[in-house]
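Engineer: Could you look at this predicted model? Sequence included:
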Amino acid sequence: MADTVTEGRNIDPPVQLEPYFPPAKPSLENLNAVCVHGNGRPRYPASCLPSSGYGYIRRAGTAVNRVEAWFSQCCQRGVAQGDQQILCCAKQAWETALSHFCIEEHGTMTLVHECCEKKGEERWNCFEKQAPNPSYQPLSGYTAPVIPPDRIFTWDPNTC
């Protein structure tokens, strides 16, 4: 089967997204991979997804695109200093991206993702347990296209 992500064709979006959604919660254990391998993890440009149907897949792909763009922002030296601040920024980016995903899920007329039905730490724990790539390993031979975030993320260092 051809690879939707690397070839940009509309083959089977759910199969292509499953290994990467939901993204794992950033931690000290995976922070280096979050920052170093960002360009090696898939992105989901609109051109690789069907224009109709697959609403959940489009929302999940958008969440992945957002979190990866925002991780990149956190990992750039000068935005956050030191592993603890970078981790705080990455966690905020992760929670913000998944919060937007849940808002979008609740705005549909379909069943929402089960983690979006939970609140607070229960929600984050649910997403964390379902994360298929907790170590943020890259896809071999893949270089992500640049997809600018559709929303602005501003890290609040006062929450660290």
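Structural biologist: Looks like it arrived, so ask away. Residues are numbered from 1 along each chain as shown.

Engineer: from here on, contacts and neighbour counts on C-alpha atoms
Structural biologist: Fine.

Engineer: Just say helix, strand or coil for the residue nearest the centre of the chain.
Structural biologist: Centroid check for the chain by Cα atoms, centre = their mean gives V64 as the closest residue, at 2.6 Å. Under the three-state scheme (DSSP: H, G, I helix; E, B strand; the rest coil), V64 adopts helix.

Engineer: What residues does it make contact with?
Structural biologist: Residues near V64 by Cα atoms under 8 Å, 6 or more residues apart in numbering: Y20, F21, P22, P23, R43, Y44, A97.

Engineer: Tell me how many other residues crowd the fourth one.
Structural biologist: Using other Cα atoms under 10 Å, P23 has 24 other residues around it.

Engineer: right, and it touches K129 too?
Structural biologist: No. P23 is not in contact with K129 according to Cα atoms under 8 Å; the separation is 10.1 Å.

Engineer: residues contacting H106?
Structural biologist: Counted by Cα under 8 Å, 6+ apart, H106 has contacts V112.

Engineer: ugh, wrong one, I meant Q130
Structural biologist: P22.

Engineer: Just the pLDDT for it.
Structural biologist: With respect to pLDDT, Q130 scores 96.

Engineer: Next one: it relative to Y54, how far apart?
Structural biologist: Distance, Q130 to Y54, by Cα to Cα, to the nearest Å: 20 Å.

Engineer: do V146 as well
Structural biologist: For V146, the distance to Y54 (Cα to Cα) stands at 23 Å.

Engineer: Now do the phi/psi pair for the residue lying closest to A144 once chain neighbours are set aside.
Structural biologist: Spatially, and ignoring its direct neighbours in sequence, A144 is nearest to N39 (5.0 Å; Cα to Cα, 6 or more residues apart in numbering). As for N39, its main-chain torsions (degrees, to the nearest 10) stand at phi -80, psi -10.

Engineer: G141 is in contact with N39, correct?
Structural biologist: No. Here N39 lies out of contact with G141, judged by Cα under 8 Å, at a distance of 10.6 Å.

Engineer: No further queries at this time; thank you.
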